[in-house]
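K.L.:
Turn this into a model:
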Amino acid sequence: MSFRDATPADAAAIDALFRTSFQATFGHLYAAEDLASFLAKFTVEGWAAELADPAFAFRVIEDAEGLAGYCKLGPISLPAEPQGPALELRQLYLLDRAKGSGAAQALMDWALATARARGASELWLSVYIDNHRAKRFYQRYGFEDRGPYAFLVGNHADEDRLMRLAL
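P.N.:
Predicted coordinates for the structure are as follows:
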């Protein structure tokens with residue numbers, strides 16, 4: 001596996017990976033119309049715009065089959081109350097073939113180093129309340145639960161947990 005910064009040319013591959021990973025992990029939770037409504041908010045053009053925007057930072061992992069995961073940092077969009085300069089870990093997604101490979105740790109290490117390099121004193125994220133594997137992963141890095149957050153997928157509200165790490 002190799003890691004690199006993403007470019008706007010990766011937009012279509014990131015879009016496909018996001019859709020595949022999200023549906024594989026969470027798709028069973030939603031009515032078809034809610035899932036379709038949620039996924040419609042994501043477009044290749046939208047990804048390309050974020051990839052070109054210096055407020056965002058993306059890192060991808062590739063293997064022999066192509067893109068296997070990515071991580072995205074950006075400005076705070078969550079209803080968080082940062083105490084200083086902060087960034088949000090917006091997404092960290094892996095395809096099944098990359099899970100257990102150390103890719104998640106490498107992407108998280110990059111996210112923490114990048115957030116610090118950009119002057120953030122806090123990193124925020126949200127995680128689905130029943131995604132126990134992800135919650136344990138973030139807790140190992142020192143993220144602390146900061147309360148509930150309603151994450152909308154179409155008209156369906158999931159309970160997510162806001163998590164914060166002081167950098």
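K.L.:
from here on, contacts and neighbour counts on C-alpha atoms
P.N.:
Will do.
K.L.:
List the contacts of the residue nearest the centre of the chain.
P.N.:
Taking C-alpha atoms, centre = their mean, the centroid of the chain lies closest to Gln91, which sits 0.6 Å from it. Residues in contact with Gln91 (C-alpha atoms under 8 Å, 6 or more residues apart in numbering) are 70-73.
K.L.:
Let me know whether Asn155 touches Ala36 as I believe.
P.N.:
No. Using C-alpha atoms under 8 Å, Asn155 is not in contact with Ala36; the gap is 10.8 Å.
K.L.:
residue ranges of the strands in this protein, please?
P.N.:
Secondary structure of the chain (DSSP state E): strands at 2-5, 57-63, 66-74, 86-94, 122-128, 144-153, 156-166.
K.L.:
which residues are in contact with the third one?
P.N.:
Just to be clear, that refers to strand 66-74. Here strand 66-74 has contacts from 13-14, 17, 55-62, 87-95, 97-98, 103, 107-108, 111, 115, using C-alpha under 8 Å, 6+ apart.
K.L.:
what's the answer for the second one, then?
P.N.:
Taking contacts as C-alpha under 8 Å, 6+ apart, the residues outside strand 57-63 that touch it are 1-6, 51, 67-74, 103, 107, 110.
K.L.:
Would you give the sheet partners of it, along with the direction of each?
P.N.:
strand 2-5 (antiparallel), strand 66-74 (antiparallel) (DSSP bridges).
K.L.:
now the first one, how far from the centre of its chain.
P.N.:
It stands for strand 2-5. Its chain's average C-alpha position is 16 Å from that of strand 2-5, according to C-alpha atoms, centre = their mean, to the nearest Å.
K.L.:
Could you list the buried residues of it?
P.N.:
The neighbour-count check on strand 2-5 (16 or more other C-alpha atoms under 10 Å) flags Phe3 as buried.
K.L.:
what's in contact with it?
P.N.:
57-63.
K.L.:
Name only those of these that count as buried.
P.N.:
Buried members of these, scored by 16+ other C-alpha under 10 Å, are 57-62.
K.L.:
on that earlier part again, as TSV, the strands of the chain with mean pLDDT and distance to Ser21 would be great.
P.N.:
Formatted as TSV, the strands of the chain follow (pLDDT from 0 to 100; distance: least, C-alpha to C-alpha, whole Å):
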stretch	mean pLDDT	distance to Ser21
strand 2-5	96	18
strand 57-63	97	14
strand 66-74	97	9
strand 86-94	97	7
strand 122-128	97	14
strand 144-153	96	15
strand 156-166	96	17
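K.L.:
Looking at the ones you listed, spot the one closest to Ala24.
P.N.:
For Ala24, the closest of these is strand 86-94, at 10.6 Å, according to C-alpha to C-alpha.
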